[in-house]
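Student: Show me the folded form of this:
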Amino acid sequence: MAKDTKERILETALTKFSENGYAGTNIREITESLGLVKSSVYKHYAGKEEIWNALLDRMSVCYDERFASPGRLLPAPESLEELVRVTVRMADLTIRDENIVKMRRLLSIEQFRDDRARDLAAKHFLTGPAKMFTQIFADMTDKKLFRRGDPAMLAFAYTAPISSLIQMCDREPGKTEWALEQIEAFSRHFIKTYGRQTQDGISIRRVTKNEVPAALALVWKVFAEYESPDYAPEGTEVFRKSLKDETYLKDIVYYGAFDGEDIVGVLGIRREKRHICFLFVDGQHHRCGIGTKLFKRMLEDFHGRTITLNSSPYGLPFYDTLGLTATGSEQTVDGIRFTPMEYKENV
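Tutor: The predicted model follows:
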């Protein structure tokens, strides 16, 4: 169904006000953008001030639904890693959604002129997110995911830096990817500072860009110790070179198992092909369920997809326990022995 004229007027006004401010926008610019004459606008709104107030009314309802309605508050994450995923997903949405960006820019411009815009800016930039995360941190503290403390202070400390990075993207859109990386890094730093460790001391999460070299070093260490003996020297050398080949490593998503600051397990999967390139766990942590946890964590992001991998002879029994099945017989390519396998999740 086509949008009615009143809705189109508000959408166009939002665009114009966010670009030029209230004072820098006139009715003629709004009507010309819509292909209307001024009299058509006056059938719905008495003038620019009424359009402005109607737009603020709509924004107020939007923010109340997001930040003030108990029934719309996000459920508390069930793990510290889920908190990171939820935070990055929310930040990504609010940075990339055009209407949200326009509303934020409008409020940034007009908060010094209009009291209602000032109050909405405070709610959007500070008090609304802090209120939402106060409840989230209270629930996560009850679940013993965070150390006991004041959830309101935790929320304030958590949301203020993230809000600043989001507003920076409005000013410098070219820094969006960098800002999202910083938000994820900050979330993980916050968790290390205030979160509780798991009972076995091992946490499973996505590997950050800065942690990839350590992850690849672990891959080579474990490969050399447990899998290289089954390969010809040619195969070992091919594998070693692949870990330094930027083309080969492109598009890999890394998951890590961490014992404190130390990475003790790595799973790497190609995002587009859904193909696991490697899954290695440090020998001192074998038979502790870490490989299984890495695999299950990966499935959270690739739910319902067919996953493939090429298993070394050493890894076959383990992959059988995960539910993977061979799709062909053992092969040797460039000195590397492997059996092609796949995993199909029942959904």
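Student: tell me, what residue is most central in this structure?
Tutor: Nearest to the mean C-alpha position of the chain, counting by CA atoms, centre = their mean, stands Val88 at 3.3 Å.
Student: Shouldn't that one be within a helix?
Tutor: Yes: according to DSSP: H, G, I helix; E, B strand; the rest coil, Val88 belongs to a helix.
Student: pLDDT below threshold where in this structure?
Tutor: Applying pLDDT under 70 to the chain flags the ranges 1-3, 66-73, 197-201, 346-347.
Student: Walking through it, point out its strands one by one.
Tutor: 202-206, 252-259, 262-270, 275-281, 307-311, 325-326, 331-333, 336-343 (DSSP state E).
Student: now the angle from the fifth one to strand 275-281?
Tutor: In other words, strand 307-311. 60 degrees (axes from the mean of the first three to the mean of the last three CA atoms, to 10 degrees).
Student: strands paired with strand 307-311, and their directions?
Tutor: strand 275-281 (parallel), strand 336-343 (antiparallel) (DSSP bridges).
Student: can you list contacts of the shortest one?
Tutor: When contacts are taken as CB atoms under 8 Å, 6 or more residues apart in numbering, the neighbours of strand 275-281 outside the stretch itself are 218-219, 222-223, 252, 257, 264-270, 288, 290-291, 294-295, 298, 307-309, 315. All C-beta spots, glycine's among them, are computed from the backbone N, C-alpha and C.
Student: ranking the strands paired with strand 307-311 by burial, who's on top?
Tutor: strand 275-281 (a mean of 22; mean count of other CB atoms under 10 Å).
Student: Send me it as CSV with only the CA atoms.
Tutor: Output of strand 275-281 as CSV, limited to C-alpha atoms (Å, rounded to 0.1, in the frame of the first residue of the first chain):
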residue,chain,number,x,y,z
HIS,A,275,33.8,-24.7,5.0
ILE,A,276,35.8,-25.3,8.2
CYS,A,277,39.5,-24.8,7.4
PHE,A,278,40.8,-25.9,10.7
LEU,A,279,39.9,-26.9,14.2
PHE,A,280,42.7,-27.3,16.7
VAL,A,281,43.0,-27.6,20.5
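Student: i'd like the first residue to be 42 from this point on
Tutor: Sure, I'll start counting at 42 from here, so that last one is strand 316-322.
Student: for it, the distance to its chain's centre please.
Tutor: 22 Å (CA atoms, centre = their mean, to the nearest Å).
Student: where along the stretch 92-241 of the chain do the helices fall?
Tutor: 121-137, 139-151, 156-163, 169-183, 192-212, 217-235 (DSSP state H, counting those that start in this stretch).
Student: returning to that earlier point: would you mind confirming that the residue nearest to the centre of the chain is in contact with Leu221?
Tutor: Yes: here Val129 reaches Leu221: they are 6.3 Å apart, a contact under CB atoms under 8 Å.
Student: Count residues in the vicinity of the closest residue to Leu206 other than its chain neighbours, would you?
Tutor: Sequence neighbours aside, Ala220 is the residue nearest to Leu206 in space, at 4.6 Å (criterion: CB to CB, 6 or more residues apart in numbering). When neighbours are counted by other CB atoms under 10 Å, Ala220 registers 21.
Student: ok, Ala220 to Val294 distance?
Tutor: Applying CB to CB, to the nearest Å, the value for Ala220 to Val294 is 20 Å.
Student: again with Glu371
Tutor: With CB to CB as the criterion, Glu371 and Val294 are 27 Å apart.
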